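Asks: Predicted model, plus sequence, below.
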Amino acid sequence: MSIKFTEEFYFLLNEIVDFIATDKPLAARKFKKNLITSIKKDLKSPYNYKKSIYFDDIIYRDYVFKGYTITCKVHEDGYVIILGIIKNKNTY
């Protein structure tokens, strides 16, 4: 499956990276690189991950990476859209 990232995801990710970079700039860059790499590798099989707690449909999945929840939508056409990233459900 191919992976597509939304602008919303990149906006939220950059906010997280900026926050981490205030203390550790190298750790922030490493976090972003590892997250993108893990998403591309692991979400080739999105149905291996649990149904999203934020949506009431099985096409939405939650992928957890170092305490951050990445929500994605699986399309029948063979691609996955990465919708957003949050630290916990109280962030919204």
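Replies: Good, I have the coordinates. Numbering: from 1, shown residues only.

Asks: Identify the residue nearest the most centrally placed residue in the chain in space, chain neighbours excluded?
Replies: Nearest residue to the geometric centre of the chain (Cα atoms, centre = their mean): Ile70, 2.9 Å. Spatial nearest neighbour of Ile70, chain neighbours left out: Tyr63 (4.5 Å); criterion: Cβ to Cβ, 6 or more residues apart in numbering. Backbone N, C-alpha and C define where each C-beta goes, glycine included.

Asks: can you give me how far the strand or helix carrying Ile20 is from the chain middle?
Replies: For Ile20, the element it lies in under DSSP states H and E is helix 7-21. For helix 7-21, the distance from its own C-alpha centre to the chain's C-alpha centre is 11 Å (Cα atoms, centre = their mean, to the nearest Å).

Asks: Kindly format the C-alpha coordinates of it as PDB.
Replies: Extracted in PDB, the C-alpha atoms of helix 7-21 (Å, rounded to 0.1, in the frame of the first residue of the first chain):
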ATOM      1  CA  GLU A   7      -0.900  18.800   5.400                       C
ATOM      2  CA  GLU A   8      -2.600  18.600   8.800                       C
ATOM      3  CA  PHE A   9      -0.300  15.800   9.800                       C
ATOM      4  CA  TYR A  10       2.800  17.700   8.700                       C
ATOM      5  CA  PHE A  11       1.600  20.800  10.600                       C
ATOM      6  CA  LEU A  12       1.100  18.800  13.800                       C
ATOM      7  CA  LEU A  13       4.300  16.900  13.400                       C
ATOM      8  CA  ASN A  14       6.300  20.200  13.000                       C
ATOM      9  CA  GLU A  15       4.700  21.600  16.200                       C
ATOM     10  CA  ILE A  16       5.900  18.500  18.100                       C
ATOM     11  CA  VAL A  17       9.300  18.600  16.500                       C
ATOM     12  CA  ASP A  18       9.700  22.300  17.400                       C
ATOM     13  CA  PHE A  19       8.700  21.600  21.000                       C
ATOM     14  CA  ILE A  20      11.300  18.800  21.300                       C
ATOM     15  CA  ALA A  21      13.900  21.000  19.600                       C
END
